[in-house]
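K.L.:
okay, structure incoming, though there's no sequence with it:
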DNA sequence: TCTCTACCTTGACAGGTGTCGATCCAGAGC
DNA sequence: GCTCTGGATCGACACCTGTCAAGGTAGAGA
């Protein structure tokens, strides 16, 4: 894989390289309707609002989730394509061997 | 996903969350015979030996690669199971939704 | 045994990251 | 307009990470 590809991919892996962000993504993905309000998420952690907001921003900038404001609340939703792309990279037999 | 699971998983994602380590893993996986000598790897980067060694250690401790000394050289080899496990986690539709 | 090579470990430093309190902004409702 | 509430941003802090120079260890060969 090229140096540029590695930098882009590493950003996404790095975003998932934190227990809080992993659980945030998991909670969003498994929430009914496939989306979760921030108020639902903050309750699940023993962390301050700004900290949750920070982690959500990291996930957003990595392209793993999208946020949308609807009235008073902000809803987050998983980007399944981003996960599928990551998953494909890890199946080394096909992807890695030929992509270097 | 439980808090404990998240911590374990995050370690592995974090290990891949660096461009150098991603390329290292990719180089090892795609090298002939499925294993690569450290001397092959250092040439591919503009980094000092200790730095490469440090990154290899991170990958090793995450369970993504194994190292073995054979005579003068040390050979590293990918752990395909670790990659497959990660890949499976990312297929959210099945795994994530039920594992929380 | 001595030396050379390949690699690892240690120590130190700059820069990045997670966290929080304080503050700010956007909508809803009065 | 004003106020309340849900979130985001800012500023600051402790801690973690990537990097290298210097020194250490293990095996090969003389």
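P.N.:
Arrived safely. Note that the coordinates shown come from a computational prediction; the quantities given were computed from them, not determined experimentally.

K.L.:
so where's chain A shaky on pLDDT?
P.N.:
Residue ranges of chain A with pLDDT under 70: A:92-100.

K.L.:
residue in it nearest to DNA strand D?
P.N.:
Nearest residue of chain A to DNA strand D (Cβ to the nearest atom of the strand) works out as residue A:50 at 2.9 Å. C-betas here are computed from N, CA, C, even on glycine.

K.L.:
and that residue, how many neighbours does it have?
P.N.:
Neighbour count for residue A:50, taken as other Cβ atoms under 10 Å in any protein chain shown: 8.

K.L.:
kindly report the same for residue A:52.
P.N.:
19.

K.L.:
isn't there a strand covering it?
P.N.:
No: Residue A:52: not assigned to a strand; according to DSSP: H, G, I helix; E, B strand; the rest coil it is helix.

K.L.:
can you tell if stretch A:77-89 touches chain B?
P.N.:
Yes: against chain B, stretch A:77-89 shows contacts by Cβ under 8 Å from any Cβ of the partner chain at A:78, A:80, A:83-84, A:86-88.

K.L.:
typed the wrong thing, it's stretch A:17-32
P.N.:
Yes: counting by Cβ under 8 Å from any Cβ, chain B is contacted by stretch A:17-32 at A:17-23, A:25-27, A:29-30.

K.L.:
for the residue nearest to the spatial centre of chain A, give me phi and psi.
P.N.:
Residue closest to the mean C-alpha point of chain A, counted by Cα atoms, centre = their mean, is residue A:64 at 3.5 Å. Dihedral pair for residue A:64: phi -90, psi -30, per degrees, to the nearest 10.

K.L.:
isn't it right next to residue A:12, touching?
P.N.:
Yes: with contact defined as Cβ atoms under 8 Å, residue A:64 and residue A:12 form a contacting pair (6.7 Å).

K.L.:
please consider this matter closed, and thank you.
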